[in-house]
Every structure is written in C-alpha cells, then in structure tokens.
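# can't give you the sequence, but here's the structure:
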C-alpha cells in the first residue's frame, strides 16, 4: 500500500483524549466479548485506531489482529498491542476467504467511503458461524448537556452536507443481509468522563470526518454556537451518558 496521507493521520496524537482512551475502549470490548464465541480463532478489528478496544479484548484472553489505514494510528496501536497490527483498507481486506474467525468495528463504518463494500469484504473473509460485531453511532441522553450541544451541531452539519452523522443500525442490517449475513441489534448504555474543554478540542481538531469536507467559512456558522454553548457550561470534568447501537452479524 502506498504511504499516502490519510485524514485520520493528524488526529492520532489527540485521539485517545477526545474519544475516551483505554477506559472507554474497555467498555466496548466487554460488550463485544460477550457477543463472540470462544472458538479459539483470532478476532480482526477493522479500524483498530489506537488499539483501545483491541487492548480490552486482549485483557479478556482474546487473540486480536488490528487493521487500519492510518499509519500514525497503527503506530500507537502497535505500542499497545505489539506486532499484531497491519496497514490495510477496510474495503479491500487482505485475507483469504473464510480465514477470519470473527471481526469487529467500533465507530468505523461512518468514516469509510463505501460501508456496504466493507460488509461484503467481511462476509467473504468469515467462515460459516463467524460473526462481525459493529458499533455505530452514539446518542446522548437528555441529561447530557454537552452531548445535546454536540448533537445540535451535528444535525446542522447533516443539513448542510447531506451526510448523516453516523450509520444507522437498520442500514447496517440491510447491508449485512445483502452480503448474506444475519443480523441482530442491541442497544448499549455508555458513560465516560469528559469536560467541555475536551469537546472544544474535538471541534478544533475537526474530529468528525464530515467537518473536514468544509472550509472555515462554511464551518464557522455551525461550530460557533456550539463553542459558545460549551463555554457557558461549568468547566469541570463530568460523566457523559449515551446509548450506543451494536449490530451482531453472523455468517450462516
């Protein structure tokens, strides 16, 4: 693969701080672990990022291989996991048919150019009985003021760009069924520690891919109200709360 610049390359240094790091990754790992059989096969994490979820799976005695398209992200994942990470494209998996026991993706499908293609690639790589666990969007609870501010900002981004903020579970189910996978959907409860300063940093870094499609002139009217609202909140760390969607896709 050519060593081209990827949009997540310059986010690697701040990614853990803005996404909850190992603690939040471990929460997701616990839920993923509960959905996967213990048949001894390795788990492929597609979009391993900095390795927070994969580390949580390893702590639960899982063997994990991590794949990501961003070299700086992989460098951080390798620091956590060792030499079990590879650079690759989720839309063109470098694995033989039936060679991946199970797979997982957390907050990945919304960031790839062709999510349906990823489902087709995974379906081919899984053996019969193999599972692909996908965690997509989070939805802040009404009592999460920072989350509600960001939700309003994301809705305005959606309206401007025509790109939804995440991939809805019913869409993933449809893609999975088209690829020959059976799907079940679960809703998870999520909580993590964050501060308004962390959320402001996320906006500054344009941590959401859709923000990177806009120039400063287009983005400022959308982000300025969110920034002002976040600055009005108490500037202390609090517990944020949300629900999250998990789709478990099984190859018959």
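Alright, I've got the coordinates. The model shown is predicted, which means the values in this text are computed figures rather than measured ones. Numbers count the residues shown, from 1 in each chain.

# CA atoms for contacts and neighbours, from now on please.
Fine.

# where along the chain do the helices fall?
Using DSSP state H, the helices of the chain run over residues 12-19, 21-35, 52-59, 71-81, 115-125, 145-161, 169-178, 196-205, 216-232.

# With respect to residue 247, which of these lies nearest?
Each of those was scored for nearness to residue 247 using C-alpha to C-alpha, and the closest is helix 169-178 (6.6 Å).

# just checking, what packs against the closest one?
When contacts are defined as 3 or more C-alpha pairs under 8 Å, 6 or more residues apart in numbering; DSSP states H and E, helix 169-178 packs onto helix 115-125, strand 182-194, strand 238-250.

# one more time with 10 Å, if that's ok
Here helix 169-178 is seen to pack against helix 115-125, strand 131-140, strand 182-194, strand 238-250 when contacts are counted using 3 or more C-alpha pairs under 10 Å, 6 or more residues apart in numbering; DSSP states H and E.

# before we move on, back to that, minimum distance to residue 252: which of the helices of the chain has it?
With C-alpha to C-alpha as the measure, helix 115-125 is the member of these nearest residue 252 (10.0 Å).

# Tell me the buried residues in the closest one?
Applying a neighbour-count criterion of 16 or more other C-alpha atoms under 10 Å, the buried positions in helix 115-125 are 115, 116, 117, 118, 119, 120, 121, 122, 123, 124, 125.

# Can you give me the distance of the nearest residue to the third one once chain neighbours are set aside to residue 67?
Yep, that's residue 117 we're talking about. Leaving out its chain neighbours, the residue that sits closest to residue 117 by C-alpha to C-alpha, 6 or more residues apart in numbering is residue 91, at 5.8 Å. With the distance defined as C-alpha to C-alpha, to the nearest Å, residue 91 ends up 11 Å from residue 67.

# shared neighbours of those two, anything?
residue 46 (C-alpha atoms under 10 Å, 6 or more residues apart in numbering).

# the more surrounded of these two?
A count of neighbours by other C-alpha atoms under 10 Å puts residue 67 above the other of residue 91 and residue 67, at 25 against 18.

# quick one on the thing from earlier: correct me, but the residue nearest to residue 117 touches residue 123?
No: using C-alpha atoms under 10 Å, residue 91 and residue 123 do not qualify as a contacting pair, with a distance of 11.8 Å.

# Which neighbours do the two have in common?
If you check residue 91 and residue 123 against C-alpha under 10 Å, 6+ apart, the residues they both contact are residue 117.

# returning to that earlier point: could you dump the helices of the chain to a markdown table with mean pLDDT?
Putting those into a markdown table (pLDDT from 0 to 100) gives the following:
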| stretch | mean pLDDT |
| --- | --- |
| helix 12-19 | 50 |
| helix 21-35 | 87 |
| helix 52-59 | 93 |
| helix 71-81 | 87 |
| helix 115-125 | 97 |
| helix 145-161 | 92 |
| helix 169-178 | 95 |
| helix 196-205 | 92 |
| helix 216-232 | 96 |
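
# would a markdown table of these with distance to residue 108 be doable?
Shown next, in a markdown table, are the helices of the chain (distance: least, C-alpha to C-alpha, whole Å):
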| stretch | distance to residue 108 |
| --- | --- |
| helix 12-19 | 13 |
| helix 21-35 | 13 |
| helix 52-59 | 12 |
| helix 71-81 | 13 |
| helix 115-125 | 9 |
| helix 145-161 | 17 |
| helix 169-178 | 12 |
| helix 196-205 | 17 |
| helix 216-232 | 23 |
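
# I appreciate the help and will end here.
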